[in-house]
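*Asks:* sequence first, then the predicted structure, then my questions.
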Amino acid sequence: MAKKELTATIRLQAPGGQATPAPPIGPALGQHGVNIGQFIQQFNADTAKLNGMPVTVVISVYSDRTFSFLVKSPPAAVLLKEAAGLAKGSGVPNKDKVGSITKEQLRTIAERKLPDLNTDFVEAAERIVAGTARSMGIDVVD
């Protein structure tokens with residue numbers, strides 16, 4: 001079998017298990033000639049356990065209009081909001097603190113995000129996630 005040539009790489013955020021052909025998925029895939037219904041069906045099957053949590057998906061489109069995709073973990077901000085029980089972060093995080101998480105919750109989030117971060121160490125991943133928390137107005141407490 002001949003090797004397929006990669007024609008495009010598309011990065012999108014979509015709700016896990018609840019993707020629809022509506023924007024941004026439909027137009028992004030349609031312009032590359034990908035079968036949108038087939039992608040939606042496979043993506044929703046792979047991400048059914050995430051139940052609407054937004055995830056990043058990297059789609060590789062090949063010259064024969066086939067595709068493959070890689071689902072990344074949810075954004076750190078979404079995981080932090082869920083852990084702290086918040087609807088949104090602070091508008092002025094240096095003045096208004098909107099919530100707090102424990103070090104254990106921080107470590108759990110860091111371990112979940114580790115494969116998608118540019119580090120191999122959980123401690124470094126914790127510092128990255130703690131920085132995101134700080135920019136959202138969320139305190140990390142012992």
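*Replies:* On my side now, so go ahead.
*Asks:* contacting residues around the biggest helix by length in the chain?
*Replies:* With DSSP state H applied, the helix covering the greatest number of residues in the chain is identified as helix 122-136. Counting by Cβ atoms under 8 Å, 6 or more residues apart in numbering, the neighbours of helix 122-136 from elsewhere in the structure are 76-77, 79-81, 89-90, 93, 98, 101, 106-107, 109-111, 113-114, 117, 119, 139-140. Every C-beta, even on glycine, is put in place using the N, C-alpha and C of the backbone.
*Asks:* can you flag which of those residues belong to strands?
*Replies:* Among those, the ones falling in strands (DSSP state E) are 101, 139-140.
*Asks:* turn those into CSV, including pLDDT, neighbour count and distance to residue 36.
*Replies:* Converted to CSV, the ones in strands among the contacts of helix 122-136 look like this (pLDDT from 0 to 100; neighbours: other Cβ atoms under 10 Å; distance: Cβ to Cβ, whole Å):
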residue, pLDDT, neighbour count, distance to residue 36
101, 91, 24, 38
139, 90, 13, 43
140, 88, 16, 41
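*Asks:* and the longest helix of the chain, which residues are buried?
*Replies:* Of the residues in helix 122-136, those scored as buried under the neighbour-count criterion (16 or more other Cβ atoms under 10 Å) are 125-126, 128-130, 132-133, 136.
*Asks:* same thing with stretch 48-63?
*Replies:* Counting neighbours by 16+ other Cβ under 10 Å, the buried set in stretch 48-63 is 50, 53, 55, 57, 59, 61-62.
*Asks:* can you check stretch 65-76 too?
*Replies:* 67, 69, 73-76.
*Asks:* quick one: low-confidence ranges for this protein?
*Replies:* Low-confidence regions of the chain, defined by pLDDT under 70, span residues 1-2.
*Asks:* how does this structure divide into domains?
*Replies:* 6-71, 76-141 (automatic domain parsing).
*Asks:* quick one, helices of the chain?
*Replies:* In chain order, the chain shows helices spanning 25-30, 36-46, 76-84, 103-113, 122-136, with DSSP H as the criterion.
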